[in-house]
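Enquirer: Structure for the following, please:
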Amino acid sequence: MEVHDKNETLQPPAEFQFLSVRAAGAYLQLEYGKKIEGGLRRVVIYLNDMGREVLRTTDVVWPPKPPVATPIKSVGAWFKFRNGFLIALQGLREMSICLKK
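Expert: Below is the predicted model:
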């Protein structure tokens, strides 16, 4: 990050697009950006209440890396057998309740 201390009238950076404006305390914060290969070069300019440029910062913002997918663990044979057996018991129970009615 580069910081340039100025006290001049606003001079928008050449070849940059205007991105946003917001209030930052007593200053007005202007943000300009320019796409570069794989990221965004960003210039942030702070204006005082008289509209004069007080500070200018320049940095590069890289997009976040995508999360790494964790492999799904397979379910063991015993777990499958036990769950299938319990489901079959539940079905038999429901069938016996229905037949009693």
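
Enquirer: drop to CA atoms for contacts and neighbour counts, all remaining ones
Expert: Fine.

Enquirer: List the contacts of stretch 23-30.
Expert: Applying C-alpha atoms under 8 Å, 6 or more residues apart in numbering, the external contacts of stretch 23-30 come out as 18, 19, 20, 21, 22, 44, 45, 46, 47, 48, 49.

Enquirer: Now find how far off-centre stretch 64-79 is within its chain.
Expert: Remark: stretch 64-79 is offset 23 Å from the chain centroid, using C-alpha atoms, centre = their mean, to the nearest Å.

Enquirer: do the same with stretch 52-61
Expert: With C-alpha atoms, centre = their mean as the basis, stretch 52-61 stands 23 Å off its chain's centre.

Enquirer: Give me the mean pLDDT for that stretch.
Expert: Summarised as a single mean, pLDDT over stretch 52-61 is 89.

Enquirer: May I have the phi/psi pair for residue 25?
Expert: As for residue 25, its main-chain torsions (degrees, to the nearest 10) stand at phi 70, psi -120.

Enquirer: now residue 37
Expert: When read as degrees, to the nearest 10, the backbone of residue 37 gives phi -60, psi 110.

Enquirer: count of neighbours near it?
Expert: Residue 37: 7 surrounding residues under other C-alpha atoms under 10 Å.

Enquirer: what's the distance between it and residue 57?
Expert: As judged by C-alpha to C-alpha, to the nearest Å, residue 37 and residue 57 stand 20 Å apart.
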